[in-house]
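> would you be able to build a 3D model of this:
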Amino acid sequence: MSKNPHIAVLIMAKNEKKRLHVTLNSIKHVADSLIFFDTGSEDDTISIAENFCSENNITFRLAESNFKNFSTSRNESLDFADTFDDIDYLLLLDTNDELRGGDTLKTVSKQYINEKNTAFLICQEWWSGQYDKYFNIRLIKPRQGWRYRGRVHEWLKNTKYKDDEEQNKAGEFVIKLENELVLFQDRTQDDDKTGKRFHRDKQLLLEDHLEDPDDARTVFYLAQTCSCLGEHEESFKYYEIRSKMDNGFWEEKYHSYFRCGEISYNIDKNWDKSLPFYFAAFECQNRVEPLIKIIEYYKDKNWLLCYTFADLACKLMFPECLLFVDKIAYDYKRWHLLGIAGWYAGEYENGKIGVLKALESGMGQEVDKFNLKFYTDREKEQENLQTQNNVENLLEKIKEDNPSLPRKQLNNQLTKVLKNK
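Numbering: from 1, shown residues only. Next up is the predicted model:
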């Protein structure tokens, strides 16, 4: 085997000429080959990929097939990739992924080449006007049984292991790679403005749900898709169903409680209905996001409650979770809110810590500098008041020691003492 493991990038695409360049430019220093599986492009998608590989000395391997559904077509692409014996790793990308941390990928590929690990969870970050972060399998070793399941919102499952107990064994070969390696997507650049994709996804998910009503993942992504379509009542219905299911990925249960809280309040502004969902989410998993919602509600309504929940939020560690972690909530929002709530609740020391931590994040600089001035001005006032009290106490002491001393001499004596201090 060569010194450096062979990393192949696998992309399934159709008519992606508008955004393909972002993905390709991000892999040109790490990819040894590009496995390109085209499902019927009618634009320049294939030639763009082929020319890119030629210009960057990357081996180009093309297969073409009509699109069936996501798992079937992706599995066809994996079958094609498995025919090449020189590949050590497959990096599985979508055409709106931007790889960040290519040097880390090279290091990881060397580190685990002779280890038993066959699949790797990679951090995915989305920007859609709101920042989201989660982990899923995007790097695998070929010919190890990893194949997709689900016609939409597909996921990887190891086909070497049949029952649940054996699947747990497969999980032993999956390792989570930390944040130095990221797949970033700017969802604001998504060119599907009509929602056609979400309508298609919903129909496929409904068909899957009819076939297997107990499949928790299908219910969860049905709720997600309805939310993307703005169908809030229907989204709430499926999130609530998912929150009551004990099978499947446990983080989906937490997120379902959390989304029930958000959606129910957006529908009818009934806090008494929403609050129990946020409590249930926090009980399911001690995360900051539901606390942020509670803090924001009580802001300007009940500063003591606002501060109490902000203080709790700021004591939580950044989670090891995989699904939809709001990094900004951890790095900034909770500290910013503690800075505000601490002031109005009279918890000045802790409130100032919140403002300083918010400033450390590099976000919201102007507003937090403004908030910090409240604390620093108060500290100056306290210092001045303490100084005034000290002077008055000192003057009283001099009077006690020299009861017959004239006022002018008392002041002179006080001045001498203060100079000596």
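> by mean pLDDT, point me to the weakest helix or strand of this protein.
Lowest mean confidence among the helices and strands of the chain (mean pLDDT, DSSP states H and E): helix 164-171, at a mean of 54.
> buried residues, whichever helix or strand comes after that helix. List them.
Using DSSP states H and E, the helix or strand that follows helix 164-171 in sequence is strand 174-176. Using 16 or more other Cβ atoms under 10 Å as the burial criterion, the residues of strand 174-176 that qualify are residue 174. C-beta here means a position set from N, CA and C on the backbone, and glycine is covered the same way.
> and stretch 206-219, by the same measure?
Neighbour-count burial for stretch 206-219 [16+ other Cβ under 10 Å]: 208, 209, 215, 216, 217, 218, 219.
> and residue 379, how many neighbours?
Applying other Cβ atoms under 10 Å, we find 12 residues neighbouring residue 379.
> tell me the buried residues in the helix or strand hosting it?
In this assignment (DSSP H and E), residue 379 forms part of helix 365-401. Using 16+ other Cβ under 10 Å as the test for burial, helix 365-401 gives 368, 371, 372, 374, 375, 398.
> middle-most residue in this structure, spatially?
Centroid-nearest residue in the chain, with Cα atoms, centre = their mean: residue 133, separated by 2.3 Å.
> with adjacent residues omitted, what lies nearest to that residue?
The shortest distance from residue 133 to any residue other than its chain neighbours is 4.6 Å, reached at residue 325 (Cβ to Cβ, 6 or more residues apart in numbering).
> so what's residue 221 up against?
152, 153, 201, 205 (Cβ atoms under 8 Å, 6 or more residues apart in numbering).
> neighbour-wise, which one of those leads?
With neighbours taken as other Cβ under 10 Å, the top of the contacts of residue 221 is residue 205, carrying 26 neighbours.
> tell me the pLDDT of it.
Confidence at residue 205, expressed as pLDDT, is 93.
> quick check: closest non-adjacent residue to it.
Per Cβ to Cβ, 6+ apart, closest to residue 205 is residue 222, 4.4 Å.
> the one you found: how many residues sit nearby?
Residues near residue 222, counting by other Cβ under 10 Å: 27.
> for the one 3 residues further on, same thing?
Burial of residue 225, expressed as a neighbour count using other Cβ under 10 Å, amounts to 26.
> contacting residues around it?
198, 201, 202, 205.
> got a pLDDT number for it?
94.
> now do the SS call for it.
helix (DSSP: H, G, I helix; E, B strand; the rest coil).
> next one: it from residue 306, what distance?
34 Å (Cβ to Cβ, to the nearest Å).
> quick one, domains of this structure?
Split into domains by automatic domain parsing, the chain comes to 7-189, 196-368, 376-420.
> so the residue lying closest to residue 178 once chain neighbours are set aside, which state does it fall into?
Distances taken as Cβ to Cβ, 6+ apart put residue 123 closest to residue 178, at 7.4 Å, once the chain neighbours are dropped. With three-state DSSP as the basis, residue 123 sits in strand.
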